[in-house]
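J.: Sequence and predicted structure below; questions after.
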Amino acid sequence: MDQVTESETAVVSGPAPADGSFLRRYGPPATLFVVLTALGLVTNASRLGLDLAGGRLLPAGDLGQVWSTYLAGWHPVGGGTASAAPASLAVLGIIGAIFTPLGGPAALVAILLIGDAPLAALSAYVATRRLPVSRWTRAAAAAGYALLPAATASVAQGRLDVVAVHILLPMVIAGVAGLLARTGSRWLHASSWCAIGVALIGAFSPLAHGLALLGLVAGFVVLPPVDGLLRRIGSVGIVVLLPLALLLPWPTALVNQPALFLHGLSGPAAPATGGELLGLDPGGPGAWPIGIALVIALVIAVVVRPKALLSPGLGVVVLGACGLAVVTLVSVTPLQGGGAATGFTGVPLLVISAGALWILLTACAGGAPAGMLPKLAAVVGVLVILALGTGTVIAGRGGPLRSGGGDRLVSAQADELARTGRSVVVVGSGDEPTRQTGGRLPLLGDDQLGLTAPTPARLTSWQSAFTQPSSGATRATLSAAAASGALFVVLPQGQDAAPIVALAPDLTVAVQPTRDGRAVLRLLQPSGEVVLVPPGVAKQAVTTSAPASTTGITPVDAALPDLHVRVSDGVAGRLLVLSAELEAGWQATVDGKATPIVPAWGHQVAVALPTTQSEVIVEHPSTLRDVLLLVQVAAVLFAVLTSVPSLTRPR
């Protein structure tokens, strides 16, 4: 017979009597939430706001921008790419709609980061409701989980993906463990909820998704079935397949970009030292290796109660250790270019910590020990929580995350970008990559788009030319940027625009800086999303990487990615050049007849024009993506219908 949950007990027993049972029942989670909320506000006092950015976090767009980016088949990022947008944008778009009065997805992101500790604590408290320990013991374990160094560092560094895993992980572990332990008559309902949780965690962290499925499959193979093999196979099949359908078309990008799996959505990180990993610290600003206190408590618990190692928590620890080994030992090229690098160890350390806390709770559930052991365990638990809380409050205040929404152009410049569709080049410095986006500044989700193969190297060379100005390289880069459709160049913080303007006064001019003081250059060469190139310059376009002359280049009133224009009579050799990267999928027709795509400036889409008046159509079809979105909608409907208890409860 299934164990009765606390919520079910409350329904059966009716209103809480006035003898304090209400406080005994709801006092631990209420105290947990209030204390950790206050702790989170103190830790993030310098970054309180609803428009956070900095570190690995780009500003979140409004609700319309988030959904348009997710649904678009082609993105004006990095010169243009047809890569699938991350599924996390859909999650932020759905839940962010609730926070529209506060700022939409941007407000949701701020609440997740600033409220990470109390939200993760409540998640851990609810997830442990079936363990035979007291509520205050569960609350103490939940507090320890909420204050882990991996989570504190992730908040300070703006790693939203790891923060989302921190909040969702306890419920996902509980869901997977519940399916493996007992499916029951409502197996379809439980399987759908577990699949939704795996899909949510996979939308932010493909690595956490993979570890969850690995643990599910391993448990399916090792543990004997309880309620019948067919039900168990059905449950495992739903949890494995349904999340993939819910995340479409995002999995197609993961297959082509292994860096997204190992580096996550927030990108690579410097390798953590052995001491930091032993202290459950992933490295970087925002945390101390104070997790060693949890490791010491785990050792004490195992020495006192060796049978605690037989709990499922040990399997979770092993699973996290496997993930940690993969992340620290395997180096891949980051999505934004550069040398091969390892990933951020936040997710594996969270999994290891969750398993360690499960072992500790199992040790506490081993019956009432004699002597001073209960008091000693309580003292050790308090000391561990105090150590973790101290590290959170002191170290968590550091890090690059800040309030203010990041870089912002003045209104006139932002309006011109949106009106013309031309791009802006934001020059990076240090670990920050150089980004090129069309019609707006970079936003959350742009760094997870798979760029064309030569784009990262091109943007890196542009960064070198802008940060270390020289006559030849800087002039060529300004011309190449204008040819790719760029209108503005935002220089790194603290860099003066005067040296670049002095080298190329005919190509650029300094204009009003961004609201946070970064210098901005305006490119003077004629350009646009689509331009008509005369024969003389067209010859340069197919043989060089930057125009030496722009005489005769005429912007065309058309928008990407699909354009339909009529060109007049002209001389032979003209080109219609798009500010879009050359990649598979582009199609062109002239007067209804297919015509080949011509590379311009080595990396842009162009079409050779005839001498007579013609109708030219250039497009990038997204039929496959549209089909995958329909499959995703069907999966969402299936998940919603099967997760409603009343529809799956037996008669």
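T.: Good, I have the coordinates.

J.: show me the residues around Gly320 that make contact.
T.: Counting by Cβ atoms under 8 Å, 6 or more residues apart in numbering, Gly320 touches 211, 348-355. C-betas here are computed from N, CA, C, even on glycine.

J.: What helix or strand is it located in?
T.: Assigned by DSSP states H and E, Gly320 falls within helix 313-329.

J.: ditto for Pro271
T.: Judged by DSSP H and E, Pro271 forms part of no helix or strand.

J.: again with Val565
T.: Taking DSSP H and E as the definition, one finds Val565 inside strand 563-567.

J.: thinking again about what came up before, so the next helix or strand after the helix holding Gly320 versus helix 313-329, what angle?
T.: Going down the chain from helix 313-329, the next helix or strand is helix 346-364, by DSSP H and E. Orientation check (axes from the mean of the first three to the mean of the last three Cα atoms, to 10 degrees): helix 346-364 against helix 313-329 gives 160 degrees.

J.: ok, back up a step: which of the contacts of Gly320 has the largest number of neighbours?
T.: The most crowded member of those, judged by other Cβ atoms under 10 Å, is Leu349 (30 neighbours).

J.: Roughly how far does it sit from Gly40?
T.: Counting by Cβ to Cβ, to the nearest Å, the gap from Leu349 to Gly40 is 20 Å.

J.: same thing with Asp447?
T.: Asp447 is 26 Å from Gly40, by Cβ to Cβ.

J.: next one: Pro271
T.: 29 Å.

J.: and those two? which has more neighbours close in?
T.: Between Pro271 and Gly40, Gly40 has the larger neighbour count (other Cβ under 10 Å), namely 23 against 16.

J.: Let me see the contact set for that one.
T.: 114-118.

J.: Give me the secondary structure label for it.
T.: With DSSP: H, G, I helix; E, B strand; the rest coil as the basis, Gly40 sits in helix.

J.: Please give me every residue in contact with the closest residue to it other than its chain neighbours.
T.: Spatial nearest neighbour of Gly40, chain neighbours left out: Ala117 (4.7 Å); criterion: Cβ to Cβ, 6 or more residues apart in numbering. The neighbours of Ala117, taking Cβ under 8 Å, 6+ apart as the test, are 36-37, 39-40, 43, 146-147, 151, 392.

J.: so after whichever strand or helix holds Ala117, what's the next helix or strand?
T.: Ala117 is located in helix 116-127, with elements delineated by DSSP H and E. Following helix 116-127 in sequence order, the next helix or strand is helix 135-146 (DSSP H and E).

J.: Which elements pack onto that next one?
T.: helix 21-43, helix 116-127, helix 346-364, helix 373-395 (3 or more Cβ pairs under 8 Å, 6 or more residues apart in numbering; DSSP states H and E).

J.: Which SSE is immediately downstream of the last one?
T.: Towards the C-terminus, the helix or strand next in line after helix 373-395, according to DSSP H and E, is strand 402-403.

J.: next one: that next one to chain centre, how far?
T.: 18 Å (Cα atoms, centre = their mean, to the nearest Å).

J.: what residues are up against Trp288?
T.: 149, 279, 281, 391, 394-395.

J.: Go ahead and flag the most central residue of the chain.
T.: By Cα atoms, centre = their mean, the chain has its centre lying nearest to Leu265, at 3.7 Å.

J.: For that residue, which non-adjacent residue is spatially closest?
T.: Asp161 (4.1 Å).

J.: I'd say that neighbour and Gly267 touch.
T.: No. Using Cβ atoms under 8 Å, Asp161 makes no contact with Gly267, being 9.6 Å away.

J.: Can you pick out the residue with more neighbours from those two?
T.: Using other Cβ under 10 Å, the more surrounded residue of Asp161 and Gly267 is Asp161, with 28 against 23.

J.: tell me the contacts of Ala156?
T.: Counted by Cβ under 8 Å, 6+ apart, Ala156 has contacts 55, 285-287, 395-401.

J.: List just the nearest of these to Val598.
T.: Compare each of the contacts of Ala156 with Val598 using Cβ to Cβ and the shortest gap goes to Gly55, at 41.1 Å.

J.: number of nearby residues for the closest one?
T.: 22.

J.: With the one 3 residues further on instead?
T.: Applying the criterion other Cβ under 10 Å, we find 22 residues in the vicinity of Leu58.

J.: how near is it to Val332?
T.: Applying Cβ to Cβ to Leu58 and Val332 gives a distance of 21 Å.

J.: for Thr390, same thing?
T.: Thr390 is 36 Å from Val332, where distance means Cβ to Cβ.

J.: Over to Trp136?
T.: Applying Cβ to Cβ to Trp136 and Val332 gives a distance of 45 Å.

J.: what do you get for Val155?
T.: With distances taken as Cβ to Cβ, Val155 is found 25 Å from Val332.

J.: Show me which of these two is the more surrounded one.
T.: Using other Cβ under 10 Å as the criterion, Val155 and Val332 rank with Val155 on top: 31 against 17.

J.: Would you mind naming the helix or strand containing the more buried one?
T.: Counting by DSSP H and E, Val155 is found in helix 149-156.

J.: got the angle between that helix and helix 116-127?
T.: Going by the same axes, to 10 degrees, helix 149-156 makes 140 degrees with helix 116-127.

J.: what pLDDT, on average, does helix 149-156 get?
T.: Mean pLDDT, helix 149-156: 95.

J.: Name the spans of the stretch 451-600 of the chain whose pLDDT lies under the cut-off.
T.: Nowhere does the stretch 451-600 of the chain drop to pLDDT under 70.

J.: one step back: with just CA atoms, put the helix holding Gly320 into CSV.
T.: The C-alpha coordinates for helix 313-329 follow below in CSV (Å, rounded to 0.1, in the frame of the first residue of the first chain):
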residue,chain,number,x,y,z
GLY,A,313,22.0,8.0,-2.4
LEU,A,314,25.2,6.2,-3.2
GLY,A,315,24.0,5.5,-6.7
VAL,A,316,23.3,9.3,-7.1
VAL,A,317,26.8,10.0,-5.9
VAL,A,318,28.3,7.6,-8.4
LEU,A,319,26.2,9.1,-11.1
GLY,A,320,27.5,12.6,-10.3
ALA,A,321,31.1,11.3,-10.1
CYS,A,322,30.7,10.0,-13.6
GLY,A,323,29.5,13.3,-14.8
LEU,A,324,32.3,15.1,-13.0
ALA,A,325,34.9,12.9,-14.7
VAL,A,326,33.4,13.6,-18.1
VAL,A,327,33.3,17.4,-17.6
THR,A,328,36.8,17.7,-16.2
LEU,A,329,38.6,15.2,-18.5
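
J.: Which of the residues in that helix are classified as buried?
T.: When neighbours are counted by 16 or more other Cβ atoms under 10 Å, the buried residues of helix 313-329 are found to be 313-317, 319-320, 323-324, 326-327.

J.: Same question for stretch 494-502.
T.: For stretch 494-502, the neighbour count (16+ other Cβ under 10 Å) marks 495, 497, 500-501 as buried.

J.: Just those: which are in helices?
T.: Helix and strand membership here follows DSSP state H; of the buried residues of stretch 494-502, those in helices are 500-501.

J.: Most widely separated two among the buried residues of stretch 494-502?
T.: Pairwise distances across the buried residues of stretch 494-502 peak at 12.2 Å for Gln495 and Val501 (criterion: Cβ to Cβ).

J.: hmm, back to that, what are the C-alpha coordinates of the very next helix or strand once past the strand holding Val565, in CSV please?
T.: Counting by DSSP H and E, the next helix or strand C-terminal to strand 563-567 is strand 575-581. Presented in CSV, the C-alpha positions along strand 575-581 are these (Å, rounded to 0.1, in the frame of the first residue of the first chain):
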residue,chain,number,x,y,z
LEU,A,575,25.5,40.7,-57.4
LEU,A,576,22.7,40.7,-54.9
VAL,A,577,24.5,40.3,-51.6
LEU,A,578,22.8,39.3,-48.3
SER,A,579,24.1,40.0,-44.8
ALA,A,580,23.7,36.3,-44.0
GLU,A,581,26.3,33.6,-43.5
